[in-house]
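Chemist: Need a 3D model of the following:
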Amino acid sequence: MLREFFEIYCQNGGKITPLSQYLKEEQKGAAVLLGGFILDFLDKIPTLATQKNVFLLSPLNFNPNSNIKQFLYEVGCEESVLALLAEFLLQDKVIKNQSFIKELDIGYLASEINLAEEEIFEIQKSFGDNLKNTLIIGKDVVTHKNAKNIAKILALFSQSKSLEVVFLEEEKVSVLPHYEEISKIGEVGSFDGLVAYLHYEHLIKTPILKASKQFGLVGKVGNGEKIKVIFDSLEALEVEFCENKEIKGMVGILSLPKKENFCFCYQKIKLDKVM
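Modeler: Purely as a prediction, here's the structure:
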């Protein structure tokens, strides 16, 4: 899946700035973190904790680092977020003439995904001309239902003179150029109710669902309680519920002791008592 993503990315002119190269850069501009877990970003790029103008875009309201400013958006809307960022951040005329950008209804799309235009303006304002600004992408986009279109949009970002694209996980591929038109941005899906962000943690032995007190009240579960997590299309899991004050809202973190082949890291869930 990772290889297929990078094949599409590179076929469409995507340039890969190795993570190792980014870590060595002394003068860094603004950085936008998208499609990943905040602790994974900080683990692989520790300088983000003190770097200026770092923005985390994520539906998961969890950000333990006060130096990093977070903007929330609706679950599953990474493709739409990238389209809006392309409109505001990419100044190259060739990119601006892309049909998928011309067809965007900026106000409507921003409203649908709950990412305010003022927040994107703030990111845009932080992008200085004298420093290399960076879009840092996590592994979550690889399993997105529109991963192919996302790969093509990211390839477009990497061709811009104003920023570079860095991936937390890279896959070296050798492909010939094969440019495809970027598809029109699709309708925004719905993830109403309780949602779990699936994250692998090798130090735990059993699954743990960490979430806000509000999440627990809606799901009718208490701190330390053993519960069953029921998915729409995946096998149910027995987990421990842990209330976490650093997490807000209706998206919790489902920590797993082993990697699973889930279709997407965000999953709608229902909670049930363990009898």
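Chemist: which residue ranges form the strands in the chain?
Modeler: Ranges of strands in the chain, per DSSP state E, are 28-34, 54-57, 61-62, 69-71, 132-137, 163-167, 195-200, 208-211, 226-231, 237-243, 247-248, 251-256, 266-273.
Chemist: Going by residue numbers, what spans are helices in the stretch 1-150 of the chain?
Modeler: 2-11, 19-24, 38-44, 78-89, 93-96, 99-102, 106-112, 117-126, 147-158 (DSSP state H, counting those that start in this stretch).
Chemist: picking that back up, so which of the strands of the chain is nearest Gln21?
Modeler: strand 163-167 (8.3 Å; C-beta to C-beta). All C-beta atoms are positioned from the backbone trio N, CA, C, and that covers glycine.
Chemist: can I get the CA coordinates of that closest one in PDB?
Modeler: C-alpha atoms of strand 163-167 as PDB (Å, rounded to 0.1, in the frame of the first residue of the first chain):
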ATOM      1  CA  LEU A 163       7.900  24.700   0.000                       C
ATOM      2  CA  GLU A 164       9.100  21.100   0.200                       C
ATOM      3  CA  VAL A 165       7.300  17.900   1.100                       C
ATOM      4  CA  VAL A 166       8.700  15.500   3.700                       C
ATOM      5  CA  PHE A 167       7.300  12.100   4.700                       C
END
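Chemist: still on that earlier bit, mind putting the strands of the chain into JSON lines with distance to Arg3, mean pLDDT and mean neighbour count?
Modeler: Output for the strands of the chain, formatted as JSON lines (distance: least, C-beta to C-beta, whole Å; pLDDT from 0 to 100; neighbours: other C-beta atoms under 10 Å):
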{"stretch": "strand 28-34", "distance to Arg3": "21", "mean pLDDT": "94", "mean neighbour count": "23"}
{"stretch": "strand 54-57", "distance to Arg3": "25", "mean pLDDT": "98", "mean neighbour count": "22"}
{"stretch": "strand 61-62", "distance to Arg3": "30", "mean pLDDT": "98", "mean neighbour count": "18"}
{"stretch": "strand 69-71", "distance to Arg3": "31", "mean pLDDT": "98", "mean neighbour count": "17"}
{"stretch": "strand 132-137", "distance to Arg3": "16", "mean pLDDT": "94", "mean neighbour count": "22"}
{"stretch": "strand 163-167", "distance to Arg3": "13", "mean pLDDT": "94", "mean neighbour count": "22"}
{"stretch": "strand 195-200", "distance to Arg3": "19", "mean pLDDT": "94", "mean neighbour count": "20"}
{"stretch": "strand 208-211", "distance to Arg3": "31", "mean pLDDT": "97", "mean neighbour count": "24"}
{"stretch": "strand 226-231", "distance to Arg3": "26", "mean pLDDT": "95", "mean neighbour count": "17"}
{"stretch": "strand 237-243", "distance to Arg3": "28", "mean pLDDT": "96", "mean neighbour count": "18"}
{"stretch": "strand 247-248", "distance to Arg3": "33", "mean pLDDT": "97", "mean neighbour count": "20"}
{"stretch": "strand 251-256", "distance to Arg3": "23", "mean pLDDT": "96", "mean neighbour count": "22"}
{"stretch": "strand 266-273", "distance to Arg3": "23", "mean pLDDT": "93", "mean neighbour count": "17"}
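Chemist: now those as TSV including distance to Phe6?
Modeler: Conversion of the strands of the chain to TSV gives the following (distance: least, C-beta to C-beta, whole Å):
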stretch	distance to Phe6
strand 28-34	17
strand 54-57	21
strand 61-62	28
strand 69-71	27
strand 132-137	11
strand 163-167	8
strand 195-200	21
strand 208-211	31
strand 226-231	28
strand 237-243	30
strand 247-248	32
strand 251-256	25
strand 266-273	22
